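[1] based on what follows, work out the 3D shape:
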Amino acid sequence: MKLENRVAVVTGAGAGIGRACAIEFAKQGARVVAADINQEGAAATAREIEAAGGTCLAEYADVSLPESVQALVSSTLRAFSAVHVLVNNAAIQVSKTVEETTVEEWNAQMAVNVGGVFLCSKYFLPHLRATRGSIVNMASVNGFFVEPMCAGYCATKAAIIGLTKAMAIDHGKEGIRVNSICPGYIDAGLAESYFQAQPDPAAARASAGKLHALWRIGRPEEVARTAVFLASDDASFVTGAAMVVDGGFGSGLPPGV
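    From the prediction side, this is the model:
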């Protein structure tokens, strides 16, 4: 197993890509901390992992708050004494133009999506340094190019790609690898919320599939397997990367075709 005897912390693990990452890490031998502001979701992830014979600690965490992240670090060390992998996955999305976005909505997206990566990395880094561990940040293809009605979200994902590269440079000499994953449309919570914000959700979902060369939306476990690779020794010479997992997004037909 690729992650045997390692401890992995996954934020936003209560659903979607985060849950898939937590489950896949456990399958690969890691002891997992499933962190989420949605305590019920985190607990459900932990139950699924434990039912399959894995080890998982469900923890509440609001990644936008320093004190909450510090409490997550303390809980992780109390339970497992070390940490080897941090997956910064927690995110929110407001499907609006800049003009329509409230100041509160803008600040919330920045605080969770970018601030969460900053805070979790900041407080876990001393412990990752001790294990020469790795960080995997969940960005998006929207960090490279944008789509209608998600201005703030796109801004945060571009920021995550830049932050990932900066951390990789700063901490590579300490043996810490930092990479990001840039998914296309994935059959999970945030994409679904985007579809529901469109005038015709069903048509938006169908059109999104056709935007990919593979003519379908991705599955959360397909992203999770990439996260396992980046966290494992198989990726020992990979750092600062923005790994695209998008089914050839942008290579398919234009929307509505």
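[2] lowest-confidence helix or strand of the chain?
    helix 189-196 (a mean of 77; mean pLDDT, DSSP states H and E).
[3] from the contact counts, what lies against that one?
    Contacts defined by 3 or more C-beta pairs under 8 Å, 6 or more residues apart in numbering; DSSP states H and E place helix 189-196 against helix 201-210. C-betas here are computed from N, CA, C, even on glycine.
[4] what mean pLDDT does the helix it packs on get?
    Mean pLDDT, computed over helix 201-210, is 85.
[5] which elements pack onto the following helix or strand past that helix?
    The first helix or strand that comes after helix 201-210 along the chain, using DSSP states H and E, is helix 220-231. Secondary-structure packing of helix 220-231 (3+ C-beta pairs under 8 Å, 6+ apart): helix 16-27, strand 85-88, strand 134-138, strand 177-183, strand 242-245.
[6] in the last one, what's buried?
    Of the residues in strand 242-245, those buried under the neighbour-count criterion (16 or more other C-beta atoms under 10 Å) are 242, 243, 244, 245.
[7] dump it to CSV, keeping only the CA atoms.
    In CSV, the C-alpha atoms belonging to strand 242-245 read as follows (Å, rounded to 0.1, in the frame of the first residue of the first chain):
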residue,chain,number,x,y,z
ALA,A,242,-0.5,22.1,-10.9
MET,A,243,-1.6,18.6,-12.0
VAL,A,244,-4.6,18.8,-14.3
VAL,A,245,-7.2,16.1,-13.9
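[8] quick one: strands adjacent to it?
    Neighbouring strands of strand 242-245 in its sheet, by DSSP bridges, are strand 177-183 (parallel).
[9] from the chain's centroid, how far away is the strand it pairs with?
    9 Å (C-alpha atoms, centre = their mean, to the nearest Å).
[10] now residue 31: phi and psi?
    Dihedral pair for residue 31: phi -90, psi 130, per degrees, to the nearest 10.
[11] contacts only, for the nearest residue to it once chain neighbours are set aside.
    Take residue 31 and drop its neighbours on the chain: the residue closest to it by C-beta to C-beta, 6 or more residues apart in numbering is residue 55, 4.4 Å away. Applying C-beta atoms under 8 Å, 6 or more residues apart in numbering to residue 55 gives the contacts 26, 31, 32, 49.
[12] then residue 184?
    Listed by C-beta under 8 Å, 6+ apart, the contact set of residue 184 reads 141, 211, 212, 217, 218, 244, 245, 246, 247, 249.
[13] and the third one, how many residues sit next to it?
    The reference is to residue 212. Neighbour count of residue 212, defined by other C-beta atoms under 10 Å: 20.
[14] tell me what it is bridged to.
    Residues in a beta bridge with residue 212, per DSSP bridges, are residue 249.
[15] what does the residue nearest to residue 31 show for phi and psi?
    Dihedral angles for residue 55 - degrees, to the nearest 10 - are phi -120, psi 130.
[16] rewinding a little: can you tell me which of the helices and strands packed on helix 220-231 is nearest to residue 59?
    Nearest to residue 59 among the helices and strands packed on helix 220-231 is helix 16-27; the distance by C-beta to C-beta comes to 11.4 Å.
[17] what's the first helix or strand after that closest one?
    Following helix 16-27 toward the C-terminus (DSSP H and E): strand 31-36.
[18] which helices and strands sit right next to that next one?
    strand 7-11, helix 16-27, helix 39-51, strand 55-60, helix 66-80.
[19] then the second one to PDB, C-alphas only?
    Looking back up the chat, that one is helix 16-27. Extracted in PDB, the C-alpha atoms of helix 16-27 (Å, rounded to 0.1, in the frame of the first residue of the first chain):
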ATOM      1  CA  GLY A  16     -17.400  15.100  -2.600                       C
ATOM      2  CA  ILE A  17     -13.800  15.100  -3.500                       C
ATOM      3  CA  GLY A  18     -12.700  15.400   0.100                       C
ATOM      4  CA  ARG A  19     -14.600  12.300   1.100                       C
ATOM      5  CA  ALA A  20     -13.200  10.400  -1.900                       C
ATOM      6  CA  CYS A  21      -9.700  11.500  -0.900                       C
ATOM      7  CA  ALA A  22     -10.100  10.400   2.700                       C
ATOM      8  CA  ILE A  23     -11.500   7.000   1.600                       C
ATOM      9  CA  GLU A  24      -8.800   6.400  -1.000                       C
ATOM     10  CA  PHE A  25      -6.000   7.400   1.400                       C
ATOM     11  CA  ALA A  26      -7.400   4.900   4.000                       C
ATOM     12  CA  LYS A  27      -7.500   2.200   1.300                       C
END
